[in-house]
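> quick one: sequence plus predicted model below, questions after.
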Protein chains: 2
Amino acid sequence: MQSLIPAGGDDDGAPRPRHYAGAVALRIRIDLSYDGTGFAGWAAQPGLRTVEGELSAALTTLLRPSDGVRLVVAGRTDAGVHARGQVAHVDVDPGAWERLRGRSHGTAEGAAATRLRGILPGDIAVRRVLRAPAGFDARFSALRRRYLYRLWDDPGLVDPLRRHDTVLVRGPLDVAAMDTAAAGLVGLHDFAAFCRRRDGATTVRTLMSFGWSRGEDQTIEVTVAADAFCHNMVRALVGSIVPVGTGRLGVEAPRAVLDGGRRDPRVKVMPAHGLCLEEVVYPPDEQLAERAEQARVRRTLPG
Amino acid sequence: MQSLIPAGGDDDGAPRPRHYAGAVALRIRIDLSYDGTGFAGWAAQPGLRTVEGELSAALTTLLRPSDGVRLVVAGRTDAGVHARGQVAHVDVDPGAWERLRGRSHGTAEGAAATRLRGILPGDIAVRRVLRAPAGFDARFSALRRRYLYRLWDDPGLVDPLRRHDTVLVRGPLDVAAMDTAAAGLVGLHDFAAFCRRRDGATTVRTLMSFGWSRGEDQTIEVTVAADAFCHNMVRALVGSIVPVGTGRLGVEAPRAVLDGGRRDPRVKVMPAHGLCLEEVVYPPDEQLAERAEQARVRRTLPG
């Protein structure tokens, strides 16, 4: 049983179960949304307001753990990036968790969700709190992350209510051409051209979908899904396609950048506030542990 | 020609054309959107930040008129209410207007839109600027105003990016029952039960549509359209229906309130921030002046 509860947070370390008064920790899954405008990103940083910092503080108020709170998250969003479908996990003292139920009716999870909503600021919302199934790891069990990027290509389209999650660019943009160019990047590739280089880290990813469309209100919506993303990758992918929409680059240009295999200074990293983590997809419960094992292995291209 | 250019702003007064150096004023139509969060409503008020105040100041910067700027608007939104499809008009000095074109290429209207966007704060967006057709009056020529009200009926639905334009209520709400109850209010009625009483003002209105539906993301969207609304009417209409959704009141109750004919203290006026003016509809150009004449007449019920 213990090996099914990896200690999150360490990038490649072996799972180390936490214990509370001799009992194995209880793993809790938290689904949350946030408006990234007022945060210096997900990851806790001294002196900065971060989502992890706020959520850790709220859990500490709720559970008063003797040894702090360690959150593991599916997508470590950058400063200004939003989330509607973020997933995190935290290992808690089973005794403290059961006492949440004691103070209310219903489940401990329901009581935790209600109390976290009361503690957290308005720019973070708890969608649900669940007891995680065996083998679940918010980061390593994930099969797929899906992001949305929103663009206006005409100042007449600007809706001030969406100015915090939509980016205005010079247009008009040819959405059909951009969709064609984006399709050329889908698949298993080394995305080094779209990643900030980090020693020892792979840049091999499977881009599962990369679609461009114009909504009824003329906003351009970009859907990007992959098994995982390296730092800045979604915003660089979107930035590689926009010049195709203006006609400055041909439909084949983004694929040539990919094949070049190195960070291309001509690819503009798009602003953070147009980006939102929409969904994290996990396999069926019985495959969670196996998936986490696979995801810990450094990816390389076959052959 | 002069009689086709009524001077807006006076509720029931006869049209009085403005003149600039002997020339009849040019009437300009401005379509705009705003995030109502930071405004004390549309109407200019001393010492308060209002949409009219900001737009008047921007037009003054643009045109430097000797006698100020008088805006007329289709929907005088309350504090906190948003707009995606607001329409205003302003009468300007034709000479000053033509000089806008001189400084740029394209039309004076295009130049005005670009310059207003540069002057206005981020919570107001100019969608377009047009030379108004003869007989156009932003307020009195309008045939229909359409509003949207957004509700969540479960705290798990809250999306912090939409917290400024969506209201969380206790649920779950039965949307089909609410839609049925709302349909019972559609038509030509005296809506005194949903209006703040004002001496001499009619409360007779034609409610053209009042529909409730749940979107893909489970947000409840309420569409309300009428020829015109009295003060607080949309928020009171929505507030009369919500108790039907919870089962506290029957489907027939809102109609009984309407038929009661007087402001009912049991009808809660919903919070402002869930409300957005989506669209103002005008007749074809050749019917604009006639429509304005009709709308100036005090409405009464037939018989």
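Thanks, I have the structure now.

> what about A:L161, neighbour count?
23 (other C-beta atoms under 10 Å in any protein chain shown). Backbone N, C-alpha and C define where each C-beta goes, glycine included.

> so how far is B:A272 from it?
Counting by C-beta to C-beta, to the nearest Å, the gap from A:L161 to B:A272 is 14 Å.

> check A:D285 too.
Distance from A:D285 to B:A272, by C-beta to C-beta: 45 Å.

> between the two, tell me which one has more neighbours.
More crowded of A:D285 and B:A272, by other C-beta under 10 Å: B:A272, with 18 against 13.

> I figured that one hits B:N232, correct?
No - between B:A272 and B:N232 there is no contact under C-beta atoms under 8 Å: 9.5 Å.

> quickly list what's touching both of those two.
Applying C-beta atoms under 8 Å, 6 or more residues apart in numbering or on different chains, one finds that B:A272 and B:N232 are jointly contacted by B:D78.

> would you map out the domains in chain A?
In terms of domains, chain A is parsed into A:2-141, A:144-278 (source: automatic domain parsing).

> can you put those in a markdown table and add mean pLDDT and distance to B:L116?
Below are the domains of chain A laid out as a markdown table (pLDDT from 0 to 100; distance: least, C-beta to C-beta, whole Å):
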| stretch | mean pLDDT | distance to B:L116 |
| --- | --- | --- |
| domain A:2-141 | 88 | 25 |
| domain A:144-278 | 95 | 10 |
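
> format the ones you listed as CSV; extra columns: distance to chain B.
Putting the domains of chain A into CSV (distance: least, C-beta to the nearest C-beta, whole Å) gives the following:
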stretch, distance to chain B
domain A:2-141, 4
domain A:144-278, 4
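
> so for B:G41, which of those sits nearest?
Nearest to B:G41, of all the domains of chain A, is domain A:144-278, at 15.3 Å by C-beta to C-beta.

> how long is the closest one end to end?
11 Å (C-alpha to C-alpha, to the nearest Å).

> buried stuff in stretch A:45-60?
For stretch A:45-60, burial by neighbour count (16 or more other C-beta atoms under 10 Å in any protein chain shown) applies to A:T50, A:V51, A:E52, A:G53, A:E54, A:L55, A:S56, A:A58, A:L59.

> what about the helices in the stretch 1-150 of chain A?
Assigned by DSSP state H, counting those that start in this stretch, the helices in the stretch 1-150 of chain A fall at A:51-63, A:94-102, A:108-119.

> residues near A:D227, how many?
Other residues close to A:D227 by other C-beta under 10 Å number 18.

> ugh, wrong one, A:D153
Residues contacting A:D153 under the criterion other C-beta under 10 Å number 21.

> and A:G118, by the same measure?
Neighbour count of A:G118, defined by other C-beta under 10 Å: 10.

> coming back round to it: which among the helices of the stretch 1-150 of chain A is found nearest to B:P121?
Of these, nearest to B:P121 by C-beta to C-beta is helix A:51-63, at 27.4 Å.

> that closest one packs against which elements?
strand A:26-34, strand A:71-73, strand A:82-92, helix A:94-102, helix A:108-119, strand A:124-131 (3 or more C-beta pairs under 8 Å, 6 or more residues apart in numbering or on different chains; DSSP states H and E).

> can you dump the C-alpha atoms of that helix in PDB for me?
Output of helix A:51-63 as PDB, limited to C-alpha atoms (Å, rounded to 0.1, in the frame of the first residue of the first chain):
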ATOM      1  CA  VAL A  51      -1.700  30.500  -5.800                       C
ATOM      2  CA  GLU A  52       0.300  27.800  -4.100                       C
ATOM      3  CA  GLY A  53       1.100  30.200  -1.300                       C
ATOM      4  CA  GLU A  54      -2.600  31.100  -0.800                       C
ATOM      5  CA  LEU A  55      -3.800  27.500  -1.000                       C
ATOM      6  CA  SER A  56      -1.100  26.300   1.400                       C
ATOM      7  CA  ALA A  57      -2.000  29.000   3.900                       C
ATOM      8  CA  ALA A  58      -5.700  28.100   3.600                       C
ATOM      9  CA  LEU A  59      -5.000  24.300   4.200                       C
ATOM     10  CA  THR A  60      -2.700  25.200   7.100                       C
ATOM     11  CA  THR A  61      -5.600  27.200   8.700                       C
ATOM     12  CA  LEU A  62      -7.900  24.300   8.100                       C
ATOM     13  CA  LEU A  63      -5.800  21.400   9.300                       C
END
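
> how far is it from where the chain is centred?
19 Å (C-alpha atoms, centre = their mean, to the nearest Å).

> which residues are in contact with that helix?
Contact with helix A:51-63 is made by A:30, A:32, A:34, A:36, A:39, A:41-45, A:65, A:68-69, A:71, A:73, A:77, A:83, A:86, A:88, A:90, A:92-93, A:96-97, A:100, A:112, A:115-116, A:119-121, A:124, as judged by C-beta under 8 Å, 6+ apart.

> so where do the helices sit in the stretch 201-303 of chain A?
All helices of the stretch 201-303 of chain A, identified by DSSP H, counting those that start in this stretch, fall at A:233-246, A:253-260, A:288-296.

> out of those helices, which is closest to B:G239?
Per C-beta to C-beta, nearest to B:G239 of these: helix A:233-246, 41.6 Å.

> what's the closest one packed up against?
Secondary elements touching helix A:233-246 (3+ C-beta pairs under 8 Å, 6+ apart): strand A:144-152, helix A:175-183, strand A:204-214, strand A:220-226, helix A:253-260.

> mind doing that once more with 6 Å?
helix A:175-183, helix A:253-260 (3 or more C-beta pairs under 6 Å, 6 or more residues apart in numbering or on different chains; DSSP states H and E).

> which elements pack onto the first one?
Counting by 3+ C-beta pairs under 6 Å, 6+ apart, the packing neighbours recorded for helix A:175-183 are strand A:204-214, helix A:233-246.

> okay, now the closest residue to A:P254 other than its chain neighbours: neighbour count?
Leaving aside its sequence neighbours, A:P254 sits nearest to A:S240 (C-beta to C-beta, 6 or more residues apart in numbering or on different chains; 4.4 Å). For A:S240, the count of nearby residues is 27 (other C-beta under 10 Å).

> which stretch of helix or strand covers A:R170?
Here A:R170, judged by DSSP states H and E, is contained in no helix and no strand.

> how much space separates it from A:D153?
Distance from A:R170 to A:D153, by C-beta to C-beta: 7 Å.

> A:G47 too?
Distance from A:G47 to A:D153, by C-beta to C-beta: 38 Å.

> dump the residue contacts of the closest residue to A:E98 other than its chain neighbours.
What sits nearest to A:E98 in space, not counting adjacent residues and going by C-beta to C-beta, 6+ apart, is A:A108, at 6.1 Å. Contact partners of A:A108, counting by C-beta atoms under 6 Å, 6 or more residues apart in numbering or on different chains, are A:W97, A:L100, A:R101.

> buried ones among those?
Buried, going by 16+ other C-beta under 10 Å: A:W97, A:L100, out of those.

> from the contacts of A:A108, pick the one nearest A:Q218.
Closest to A:Q218, out of all of the contacts of A:A108 and judged by C-beta to C-beta, is A:L100, at 46.6 Å.

> next, find the distance separating the residue nearest to A:P254 from A:Q287.
From A:S240 to A:Q287 the distance is 33 Å (C-beta to C-beta).

> and A:R128, by the same measure?
21 Å.
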